[in-house]
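Peer 1: pasted the sequence and its predicted model underneath.
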Amino acid sequence: MRVGRPQRVSMSFERLPEVVRPGDKLFLNDGLVRLVVERVQGNDVHCTVSVGGELHSRASSPAAELRTESVSKQTRGGWK
């Protein structure tokens, strides 16, 4: 299991580098933490934090249409 640090976090969604593109938004912790994808290099997705905060769990991306059960109805409602 990988662990995070202030400049790097790990995710269990292994296909993330395949499905995101520069400019996509990633929502972590039910949308409370927001990232913008800058570039993808191999298995690394480099992002800029647009809204910071404490991380707990749950990631989603409306642009990449991640199909994971961790996307809550509240998060989906915020995509509109």
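Peer 2: The structure has been received and is ready for your questions.

Peer 1: for the chain, what spans make up the helices?
Peer 2: Counting by DSSP state H, the chain has helices at residues 16-19, 73-77.

Peer 1: give the rounded mean pLDDT of the first one.
Peer 2: I take that to be helix 16-19. Mean pLDDT, helix 16-19: 90.

Peer 1: in it, what counts as buried?
Peer 2: L16, V19 (16 or more other Cβ atoms under 10 Å). The way it works is simple: take the backbone N, C-alpha and C, and place the C-beta from them, glycine included.

Peer 1: quick check: closest non-adjacent residue to L16.
Peer 2: V45 (5.8 Å; Cβ to Cβ, 6 or more residues apart in numbering).

Peer 1: so who does the one you found touch?
Peer 2: Applying Cβ atoms under 8 Å, 6 or more residues apart in numbering, we find V45 in contact with L16, P17, V20, L26, V37.

Peer 1: farthest-apart pair in the residues you listed, please.
Peer 2: P17 and L26 (11.9 Å; Cβ to Cβ).

Peer 1: can you get me a residue count around N29?
Peer 2: 15 (other Cβ atoms under 10 Å).

Peer 1: looks like it contacts G53 (just checking).
Peer 2: Yes. Between N29 and G53 there is a contact under Cβ atoms under 8 Å: 6.6 Å.

Peer 1: still on that earlier bit, give the bridge partners for the residue nearest to L16, please.
Peer 2: Beta bridges link V45 to V40 when assigned by DSSP bridges.

Peer 1: ditto for V49
Peer 2: Here V49, judged by DSSP bridges, has bridge partners L35.

Peer 1: is it true that it touches L35?
Peer 2: Yes. Between V49 and L35 there is a contact under Cβ under 8 Å: 5.8 Å.

Peer 1: neighbour-wise, which of those two wins?
Peer 2: Each of V49 and L35 has its neighbours counted (other Cβ under 10 Å); L35 has more, 22 against 12.

Peer 1: the more buried one: what's it in contact with?
Peer 2: Counted by Cβ under 8 Å, 6+ apart, L35 has contacts K25, L26, F27, L28, C47, T48, V49, S50.
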